[in-house]
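Enquirer: any chance you can model this:
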Amino acid sequence: MRAKRFTQFKRQIIQELKPKVIENIITEMAETRDELLPNTPAHQEATIHYWSASVGRILQAALRREIIDEQWLKETGNLRNSQHLFHIERDKLHR
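Expert: Okay, the predicted model is just below:
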């Protein structure tokens, strides 16, 4: 049963959080565009690719960008799943 919930959690991250993270990245990069940070489409694509490389990184980006918070994880019953995900994907997370 736990494995099924964990798989559902990962699916939820991909289906619900990934589009929000991508939208947030595009918005942030458009707002911070200037001569020093041109944030071209290539920069956006590379940033999106980096933060979408693993389910753990998507979750990490959602937390860092305040798309979700610890309270959301608790309310959805996924705090333990997030801890497990961060543990098994620790080599893929942003440092």
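Enquirer: for the closest residue to residue 51 other than its chain neighbours, what are its contacts?
Expert: Take residue 51 and drop its neighbours on the chain: the residue closest to it by Cβ to Cβ, 6 or more residues apart in numbering is residue 61, 4.4 Å away. In short, each C-beta sits where N, CA and C put it, glycine included. By Cβ atoms under 8 Å, 6 or more residues apart in numbering, the contact set of residue 61 is 21, 24-25, 51, 67, 94.
Enquirer: any idea how far residue 61 is from residue 42?
Expert: 19 Å (Cβ to Cβ, to the nearest Å).
Enquirer: and the contacts of residue 61, which of them are buried?
Expert: 21, 24-25, 51, 67 (16 or more other Cβ atoms under 10 Å).
Enquirer: need the per-residue pLDDT for the residue nearest the centre of the chain.
Expert: Residue closest to the mean C-alpha point of the chain, counted by Cα atoms, centre = their mean, is residue 58 at 2.1 Å. Looking at residue 58, its pLDDT reads 98.
Enquirer: now do residue 24
Expert: Per-residue pLDDT puts residue 24 at 98.
Enquirer: C-terminal to the lengthiest helix in the chain, what's the next element?
Expert: The residue-count maximum for a helix in the chain (DSSP state H) belongs to helix 18-31. Going down the chain from helix 18-31, the next helix or strand is helix 41-51, by DSSP states H and E.
Enquirer: same for that following helix, what does it pack against?
Expert: When contacts are defined as 3 or more Cβ pairs under 8 Å, 6 or more residues apart in numbering; DSSP states H and E, helix 41-51 sits against helix 18-31, helix 55-64.
Enquirer: can I get those helices in JSON lines with distance to residue 1?
Expert: Shown next, in JSON lines, are the helices and strands packed on helix 41-51 (distance: least, Cβ to Cβ, whole Å):
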{"stretch": "helix 18-31", "distance to residue 1": "25"}
{"stretch": "helix 55-64", "distance to residue 1": "20"}
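Enquirer: show the contacting residues for the residue of the chain most remote from its centre.
Expert: In the chain, residue 35 marks the outermost C-alpha relative to the chain mean, sitting 27.5 Å out by Cα atoms, centre = their mean. If you count contacts by Cβ under 8 Å, 6+ apart, residue 35 has none.
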